[in-house]
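In: turn this into a model:
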Amino acid sequence: MQTTNSYSLEKDIESVLISEQQIREMTDRLAADISKAYQSTIEEGRKLVLLTILKGSVLFSAELVKKITIPAELEFMKVSSYGAGTKTSGEIRIHLDLLRDDLPNLDILVIEDIVDSGRTLFRLTQMLRNRGAHSVKTVTMLDKPSRREVQFVPDFCGFQIPDKFVVGYGLDYNEEYRTLPFVGVLKPEIYAPKQTP
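Out: Just a heads-up that it's a prediction; the model follows:
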């Protein structure tokens, strides 16, 4: 049974791009790949840190991390790109930081909801490496390679998607639609500026 809130949000969705079932299957696959890839981290005495980027990655991260079968610690960061107008400089502003003194013993896996320009993750991973982390890799639920502005390829990827405005499963437009249980394409009239006659 749909709630009033869910129904009011779903009417703004043009189409469902990735269903709940597809998300479950995707996180099963990624968790198995990650568990295998980081087995040596545990064997060699380092720690795996699953670093969730707030807010958009929370739902994806929660589904993913409970399926990872090797020991791991959870951490969170909140970062944003900034610049003039609609263009970002590629620099990042840190709103919530990762402050640890054991970075050389950490293999960090950054969990992101979507990669488009790649600028934020490129700078963030570079910064964590410069701080001394043993390794820094990334996993993203969605990847839009057609939007890339820097040379950046996520190490683990759920789905590559076309250049559509997507919301749901953590992804928002003006802080709405995050709670939808699927990834959907938002109707253009919701976000496109109204044309005046």
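In: now do the contacts for residue 190.
Out: 12, 173 (Cβ atoms under 8 Å, 6 or more residues apart in numbering). Yep, even glycine has a C-beta here, placed from its N, CA and C like the rest.
In: give me the element it is part of.
Out: Following DSSP states H and E, one finds residue 190 within helix 188-191.
In: buried residues, that helix. List them.
Out: Buried residues in helix 188-191, counted by 16 or more other Cβ atoms under 10 Å: residue 190.
In: next one: stretch 18-29
Out: Neighbour counts over stretch 18-29 (16+ other Cβ under 10 Å) mark 18, 23, 26, 27 as buried.
In: so who does the third one touch?
Out: In other words, residue 26. With Cβ under 8 Å, 6+ apart, residue 26 has these contacts: 18, 141, 158, 159.
In: residue 74 pairs with what?
Out: Using DSSP bridges, the bridge partners assigned to residue 74 are residue 50.
In: so how far is residue 47 from it?
Out: Distance of residue 74 to residue 47, given as Cβ to Cβ, to the nearest Å: 11 Å.
In: tell me the one among the contacts of residue 26 nearest to residue 11.
Out: Nearest to residue 11 among those, counting by Cβ to Cβ, is residue 18 at 18.9 Å.
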